[in-house]
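Sharing a sequence plus its predicted fold:
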Amino acid sequence: MNKLLAIINIISFSVLSVNGGSGNIVDCAQPELNGTACVASCTGGYVSDANQICQPPAVTGAPVSCGTANGTVCVASCTGGYVSDANQICQPPTAVSGAPVSCGTANGSSFELNCPGASNSCSDKCSTPKVVGGTACNWQPNYENCFVTDCSCIETGTVTNVTDQFCSSCKAGATSFANTAGTACVVSSASCSSRGTNADNAWTAADCIACNPSTPVFVASTAGSTTTSCVNCSAATSGLTDSLCQTCAKNVSPALKTIYANSAGTACVATSATCASDSRGTTTLNAWTAADCLACTPATPILVPAATGSNTTSCTSCSTISTGLTDILCNACATGASPPTQNNMANTAGSACVAAQYSCNQTSRGSNKWTDADCAACNGTAANANQYASADGSRCEATKPSPSNTLPTSTYSCYIFASSLIILLSILI
């Protein structure tokens with residue numbers, strides 16, 4: 001009876017392999033062996049393939065004699081384990097009669113695989129992905145081991161709990177692992193779990209992208225440390241690319257519009273096209289816009305439109321123009337400069353960026369008081385340039401207030417109180 005069950009399992013496995021949808025054999029009882037150099041022990045003329053699955057050999061025999069006109073019996077001469085059928089045609093053996101029997105070593109010595117046992121044990125020993133709205137994933141036993149019956153199950157719905165074990169069966173080779181979210185099998189240099197703690201399991205830039213769609217930016221170890229990590233684009237301050245920004249943007253909910261890296265690679269920005277200078281400003285199709293200059297090139301955020309008869313546009317620094325400057329542009333130029341400057345406000349005329357404490361625009365300045373320094377920075381120091389703050393700080397004036405007009409309110413109050421006291425005393429006397 002046991003032999004009959006084994007033959008049924010063998011035939012079932014052979015059919016699945018022909019259809020091309022099943023996974024490779026893995027030992028779920030000893031998952032640490034998956035991906036090591038397993039050696040299949042095949043009998044009955046079958047041979048092991050690159051994935052250590054027993055396969056029938058090629059037909060190497062053929063009928064060589066079919067008797068004579070005298071009516072003698074034809075007998076096919078078959079080799080390579082093939083046998084002659086009733087029609088004297090060489091056929092492969094009827095079933096796979098071998099299976100993997102050893103998968104690597106432990107502490108330097110060989111060991112045998114643990115057999116899952118009954119046919120329902122694979123589901124107990126092998127991690128099975130959870131599929132919502134699609135085809136359920138299943139394992140099937142093959143002698144001591146198991147294989148996934150239909151690897152396309154993880155592409156049929158919303159999937160979680162994909163594991164390295166599953167990927168080792170479904171994706172041939174030793175570079176297929178479950179991503180960190182457990183939603184897909186990816187090509188990585190090592191498992192996506194338990195990474196970044198030392199030099200042996202360090203993250204790489206490629207593995208960060210493959211394993212961690214929402215945190216694809218590689219952070220190298222610092223001096224004196226072996227710790228590496230993967231972070232989100234918003235946490236990165238250098239090395240950002242359009243590809244990384246697009247990965248970050250689409251793997252959050254809701255998706256972001258910051259799909260391009262600025263020209264310095266220090267932030268992801270929402271622009272109409274890439275910020276790469278060699279791909280912008282040469283034609284009307286890739287022309288720079290005022291918004292894109294501001295977002296892409298913080299140190300040169302001013303749009304220079306195309307001249308008459310030209311399609312060339314560009315972005316320039318605040319120091320190169322003398323009209324149209326705003327606090328936003330000046331702040332971008334100041335923070336984008338190396339080193340940053342204090343000239344983060346546009347003067348009253350919009351002709352230069354200046355180092356004022358608050359905006360030179362009265363509306364933007366709000367209730368913040370004017371000072372002589374801000375009045376001079378915003379309006380200049382030429383004659384009648386309103387370079388002085390009024391006594392109450394509410395505006396700028398062309399002349400400096402006289403000392404008598406600049407006494408503090410408390411001084412006036414004391415003066416009035418003293419005068420009233422003198423008058424009262426004179427009446428009483």
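Received the coordinates, thanks.

in stretch 340-351, what's buried?
341, 343-348, 350 (16 or more other C-beta atoms under 10 Å). Backbone N, C-alpha and C define where each C-beta goes, glycine included.

for stretch 395-402, same thing?
396-397.

ok so, going back, list just the nearest of the buried residues of stretch 340-351 to Thr215.
Checking the buried residues of stretch 340-351 against Thr215 with C-beta to C-beta, the nearest one is Asn344 at 32.9 Å.

residues touching the nearest residue to Val131 once chain neighbours are set aside, list them.
Nearest residue to Val131, sequence neighbours excluded (C-beta to C-beta, 6 or more residues apart in numbering): Gly157, at 4.7 Å. Applying C-beta atoms under 8 Å, 6 or more residues apart in numbering to Gly157 gives the contacts 131-135.

what does Cys153 give?
With C-beta under 8 Å, 6+ apart, Cys153 has these contacts: 129, 131, 134-138.

in the stretch 1-150 of the chain, what spans have low per-residue confidence?
Across the stretch 1-150 of the chain, the ranges flagged by pLDDT under 70 are 1-22, 27, 29-83, 90-121, 143-144.

What segments of the stretch 301-429 of the chain are helices?
Counting by DSSP state H, counting those that start in this stretch, the stretch 301-429 of the chain has helices at residues 327-336, 362-365, 372-379, 409-428.

Comparing those, which yields the minimum mean pLDDT?
Confidence, taken as mean pLDDT, is least for helix 409-428 of the helices of the stretch 301-429 of the chain (a mean of 64).

hang on, the earlier thing: kindly present the buried residues of stretch 340-351 as a markdown table, with separate columns for distance to Ala178 and pLDDT.
Below are the buried residues of stretch 340-351 laid out as a markdown table (distance: C-beta to C-beta, whole Å; pLDDT from 0 to 100):
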| residue | distance to Ala178 | pLDDT |
| --- | --- | --- |
| Thr341 | 49 | 90 |
| Asn343 | 52 | 93 |
| Asn344 | 49 | 93 |
| Met345 | 53 | 97 |
| Ala346 | 54 | 96 |
| Asn347 | 59 | 96 |
| Thr348 | 61 | 96 |
| Gly350 | 57 | 94 |
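
dump the residue contacts of Asn232.
Taking C-beta under 8 Å, 6+ apart as the test, what Asn232 contacts is 214-215, 217, 248.

one more time with 10 Å
Applying C-beta atoms under 10 Å, 6 or more residues apart in numbering, one finds that Asn232 lies in contact with 212, 214-217, 244, 247-248, 251-252, 268.

same thing with Trp139?
23, 26, 28, 116, 120-128, 145-149, 165-166, 169.

hmm, 6 Å instead?
122-123, 126, 146, 148 (C-beta atoms under 6 Å, 6 or more residues apart in numbering).

count of residues packed around the nearest residue to it once chain neighbours are set aside?
Among residues not flanking Trp139 along the chain, Cys122 sits closest, at 3.8 Å (C-beta to C-beta, 6+ apart). Burial measure for Cys122: 24 neighbouring residues, criterion other C-beta atoms under 10 Å.

again, but for Ala255
Each residue near Ala255 was counted by other C-beta under 10 Å, and the total is 12.

Quick check: it vs Cys245, distance?
Noted for Ala255: a distance of 12 Å to Cys245, by C-beta to C-beta, to the nearest Å.

With Asp372 instead?
The gap separating Asp372 from Cys245 is 46 Å, by C-beta to C-beta.

what's the answer for Asp292, then?
For Asp292, the distance to Cys245 (C-beta to C-beta) stands at 15 Å.

Looking at these two, which has the bigger crowd around it?
Higher neighbour count among Asp292 and Cys245: Cys245, with 27 against 24, using other C-beta under 10 Å.

Can you tell me, leaving aside adjacent residues, what's nearest to that one?
Closest to Cys245 by C-beta to C-beta, 6+ apart is Cys268, at 3.8 Å.

Need the phi and psi values for the one you found.
Main-chain torsions, Cys268, degrees, to the nearest 10: phi -90, psi 140.

ditto for Val231
The phi/psi pair for Val231 (degrees, to the nearest 10) reads phi -130, psi 170.

give the contact list for it.
Listed by C-beta under 6 Å, 6+ apart, the contact set of Val231 reads 215, 217, 219.

What about those, which are in strands?
217, 219 (DSSP state E).

about what we covered before: for ChimeraX, what selects the buried ones among the contacts of Cys153?
The ChimeraX command for the buried members of those (criterion: 16+ other C-beta under 10 Å) is given here:
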select :129,131,137
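
which two in the contacts of Cys153 are spaced the farthest apart?
Gly134 and Asn138, at 12.8 Å, using C-beta to C-beta across the contacts of Cys153.

Return the member of the contacts of Val231 nearest to Asn161.
Thr215 (19.9 Å).

pretty sure the closest one is touching Cys230, no?
Yes: using C-beta atoms under 6 Å, Thr215 makes contact with Cys230 at a distance of 4.6 Å.

joint contacts of the two?
By C-beta under 6 Å, 6+ apart, Thr215 and Cys230 have no common neighbours.

out of the contacts of Trp139, who has the most neighbours?
Most neighbours among the contacts of Trp139, by other C-beta under 10 Å: Val148, with 29 neighbours.

What segments of the stretch 101-250 of the chain are helices?
Using DSSP H, counting those that start in this stretch, helices in the stretch 101-250 of the chain cover 122-125, 164-170, 205-211, 242-250.

Stretch 124-132 spans what distance, first to last residue?
Using C-alpha to C-alpha, to the nearest Å, one end of stretch 124-132 lies 20 Å from the other.

Would you map the strands across the stretch 151-300 of the chain?
Per DSSP state E, counting those that start in this stretch, the stretch 151-300 of the chain carries strands over the ranges 158-160, 176-178, 185-187, 217-219, 229-231, 260-261, 268-269.

helices or strands next to the fourth one in the packing?
Which is strand 217-219. If contacts are counted by 3 or more C-beta pairs under 6 Å, 6 or more residues apart in numbering; DSSP states H and E, strand 217-219 sits against strand 229-231.

Walk me through which strands the strand it packs on pairs with, and which way each runs.
The strands beside strand 229-231 in its sheet (DSSP bridges) come out as strand 217-219 (antiparallel).

which residues are in contact with the strand it pairs with?
Here strand 217-219 makes contact (C-beta under 6 Å, 6+ apart) with 203, 205, 208, 229, 231, 233, 236, 244.

can you rerun that using 8 Å?
Outside strand 217-219, the residues that touch it by C-beta under 8 Å, 6+ apart are 203-205, 208, 228-233, 235-236, 239-240, 244, 248.

Next, the buried residues of it.
217-219.
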